[in-house]
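1. have a look; sequence and predicted model below, questions after that.
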Amino acid sequence: MKLLTNIGCLAGLEDKPAGCKRGDDMNCLNRLDDAWLLIDGQKFAAFGSMASLDSALNGCLGDAVIEERIDMKGGWVFPSFCDSHTHIIYAGNRAGEFLDKINGLSYEEIARRGGGILNSADLLNRTDEDELYRQAMERVGEMIAKGTGSLEIKSGYGLTLEGELKMLRVARRIKESVPMEVKTTFLGAHAVGRAYQGRQGDYVEMVCTEMIPEVGCQGLADFVDVFCDEGFFTPVETGKILEAAAIWGMKPKIHANELAVSGGVQVGVEMGAVSVDHLERTGEAEIEALKSSSTIPTMLPGASFFLGMPYGNAKGMISAGLPLALASDYNPGSSPSGDMRFVGSLGCIKMKLTPEQVVNATTINGAYAMGLGDVAGSITVGKKADFFVTEPIPNLAYFYYAYATPLISEIWLRGEKL
Ligand SMILES: [Zn+2]
């Protein structure tokens, strides 16, 4: 066992898994100052305050074999971030499009020069599986270094049967090669594929009758996702796709209400979605629909930041008693970053969330938003020992205030320091 002592603050504690945090509970971040933490193999085994350490070692921990004792010198310990919404498997990047936007080019001109989802799909379909894996693993490595310990990965840049399967195989390979929990999501309905332009109904039919059975048969996805929004897929098409995927046990996690009040939240709630994501355009009707559900509203402030779009009413959802998760939306077009601490800073700065709320939204609620609430998202005896350590900091707010200061000093996943 490993014993970590002199921890400045142990944040995000939970006695036992007790569901996601909702409403006023999101203000509460259980913490212990001047603490110790015991790790047994891959899991958290015990914790307590330094004042109690000697009596614990002589009492309840009397039989524990401590192989390593590490002085944390006042550093803070947080549960690893749980990023429940990413698109990290893609080929190349869209820095050219970034420049085009700065130079004021129109959407059509940008698309002609290689921007947009369809161009990302063309490039992905031309890129071989090993190269895609290599590029995605660079992003995973970057996310791990920034404190993420659990991750959801979507397909959606193939938009052909073979392209979507290729992405999901890469996601499975990532899952097998990192000491993290990885959940995979089939997002064939991210846009209408190139060969089906002008025939959206036929594309939806193909997603339901060709893509979903193949993905289901090969067991490649935990969840199904649809971009249910103005100019993309309608609530009726979304319902059809979610039903086809339900047969294969894929639960919905959907893109809703980013561009318009789309009806996506309601269809997600009706179909028992684990989460509905984006929600920049959300009114009272959506909040009402969510209140009677176990669906977790998930917001992606990194995309709002990058695109200069509205941030959505995060505070209103919490005031209505709802849970809230925040995720990175790491993708080439609208959020080229998986830095969950920066996501938290945007939550504070732009959404006026408190630091306690953003820790809960990026850890425990993110875990529940991808079905990992029992194993990740908090420092709880029996959960995976996934955490990061910071330099000694004066208070919790400082961690999000000094948002570009490199404060994260150690990464631990499954009980091992990386
Ligand atoms: Zn997304």
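-> Thanks, I have it.
2. now do the strands in the stretch 101-250 of the chain.
-> Using DSSP state E, counting those that start in this stretch, the strands of the stretch 101-250 of the chain run over 148-154, 181-189, 223-228.
3. can you list the strands that the longest one pairs with?
-> When you say that, I think you mean strand 181-189. According to DSSP bridges, strand 181-189 has the following sheet partners: strand 148-154 (parallel), strand 223-228 (parallel).
4. indicate which one of those strands is closest to residue 357.
-> strand 148-154 (18.7 Å; Cβ to Cβ). Every C-beta, even on glycine, is put in place using the N, C-alpha and C of the backbone.
5. what residues of that closest one count as buried?
-> 148-154 (16 or more other Cβ atoms under 10 Å).
6. end-to-end on stretch 303-317?
-> 19 Å (Cα to Cα, to the nearest Å).
7. neighbours around residue 126, how many?
-> 11 (other Cβ atoms under 10 Å).
8. that one contacts residue 120, correct?
-> No: with contact defined as Cβ atoms under 8 Å, residue 126 does not count as touching residue 120 (11.1 Å).
9. what do the two both touch?
-> Among the neighbours of residue 126, those also in contact with residue 120 (Cβ atoms under 8 Å, 6 or more residues apart in numbering) are residue 91.
10. so where do the strands sit in the stretch 251-400 of the chain?
-> In the stretch 251-400 of the chain, the strands defined using DSSP E, counting those that start in this stretch lie at 251-256, 275-278, 296-299, 325-326, 387-390.
11. parallel or antiparallel, list what pairs with the longest one.
-> For strand 251-256, the pairing partners within the sheet under DSSP bridges are strand 223-228 (parallel), strand 275-278 (parallel).
12. next: the third one.
-> If you go by DSSP bridges, strand 296-299 pairs up with strand 275-278 (parallel), strand 325-326 (parallel).
13. other residues contacting that strand?
-> 20, 84-85, 265, 274-280, 282, 290, 311-312, 314, 317, 322-327, 351, 365-366, 368-369.
14. would you mark the buried spots in stretch 77-97?
-> Quick answer for stretch 77-97 (16+ other Cβ under 10 Å): 77-91, 94, 97.
15. check stretch 347-363 too.
-> 347-348, 351, 353-363.
16. C-alpha coordinates for that stretch, PDB please?
-> Output in PDB follows, covering the C-alpha atoms of stretch 347-363 (Å, rounded to 0.1, in the frame of the first residue of the first chain):
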ATOM      1  CA  GLY A 347     -17.500  27.900 -15.900                       C
ATOM      2  CA  CYS A 348     -16.500  30.400 -13.200                       C
ATOM      3  CA  ILE A 349     -15.700  33.400 -15.400                       C
ATOM      4  CA  LYS A 350     -18.400  33.100 -18.100                       C
ATOM      5  CA  MET A 351     -21.100  31.000 -16.500                       C
ATOM      6  CA  LYS A 352     -20.700  32.500 -13.000                       C
ATOM      7  CA  LEU A 353     -20.500  29.100 -11.400                       C
ATOM      8  CA  THR A 354     -18.600  28.800  -8.100                       C
ATOM      9  CA  PRO A 355     -15.300  26.800  -7.900                       C
ATOM     10  CA  GLU A 356     -17.100  24.200  -5.800                       C
ATOM     11  CA  GLN A 357     -19.800  23.800  -8.500                       C
ATOM     12  CA  VAL A 358     -17.200  23.400 -11.300                       C
ATOM     13  CA  VAL A 359     -15.200  20.800  -9.400                       C
ATOM     14  CA  ASN A 360     -18.500  18.800  -9.000                       C
ATOM     15  CA  ALA A 361     -19.500  19.400 -12.600                       C
ATOM     16  CA  THR A 362     -16.100  18.200 -14.000                       C
ATOM     17  CA  THR A 363     -15.600  15.200 -11.700                       C
END
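17. in helices only, show me the contacts of strand 296-299.
-> Among the contacts of strand 296-299, DSSP state H puts 265, 290, 314, 317, 351, 365-366, 368 in helices.
18. most neighbours of all those residues, which one?
-> Counting neighbours by other Cβ under 10 Å, residue 366 leads the ones in helices among the contacts of strand 296-299 with 35 neighbours.
19. and that residue, what pLDDT?
-> pLDDT recorded at residue 366 is 98.
20. in three-state terms, label the closest residue to it other than its chain neighbours for me.
-> Computed as Cβ to Cβ, 6 or more residues apart in numbering, the closest residue to residue 366 that is not its neighbour in sequence is residue 82, at 3.4 Å. Three-state assignment for residue 82 (DSSP: H, G, I helix; E, B strand; the rest coil): strand.
21. which ones are touching residue 82?
-> Contact analysis of residue 82 by Cβ under 8 Å, 6+ apart lists 148-151, 362-364, 366-367, 369-370, 372, 376-377.
22. one more time with 10 Å, if that's ok
-> Applying Cβ atoms under 10 Å, 6 or more residues apart in numbering, we find residue 82 in contact with 148-152, 180-181, 183, 325, 327, 340, 361-370, 372-373, 376-378, 386.
23. look up how far residue 371 lies from it.
-> According to Cβ to Cβ, to the nearest Å, residue 82 stands 11 Å off from residue 371.
24. do the same with residue 220
-> For residue 220, the distance to residue 371 - Cβ to Cβ - is 16 Å.
25. then residue 337?
-> Taking Cβ to Cβ, one finds residue 337 at 24 Å from residue 371.
26. and residue 198, by the same measure?
-> In this view, residue 198 and residue 371 are 37 Å apart by Cβ to Cβ.
27. the more surrounded of those two?
-> Taking neighbours as other Cβ under 10 Å, residue 198 and residue 371 compare with residue 371 leading, 18 against 7.
28. ramachandran coordinates for the closest residue in space to that one that isn't next to it in sequence?
-> Nearest non-adjacent residue to residue 371, counting by Cβ to Cβ, 6+ apart: residue 274, 6.0 Å away. In terms of degrees, to the nearest 10, the main-chain angles of residue 274 are phi -70, psi -40.
29. then residue 14?
-> Main-chain dihedrals, residue 14, degrees, to the nearest 10: phi -150, psi 130.
30. could you do residue 68 as well?
-> Note on residue 68: backbone dihedrals following degrees, to the nearest 10 are phi -140, psi 130.
31. any idea how many residues pack against the nearest residue to it once chain neighbours are set aside?
-> What sits nearest to residue 68 in space, not counting adjacent residues and going by Cβ to Cβ, 6+ apart, is residue 2, at 4.6 Å. By other Cβ under 10 Å, 19 other residues sit near residue 2.
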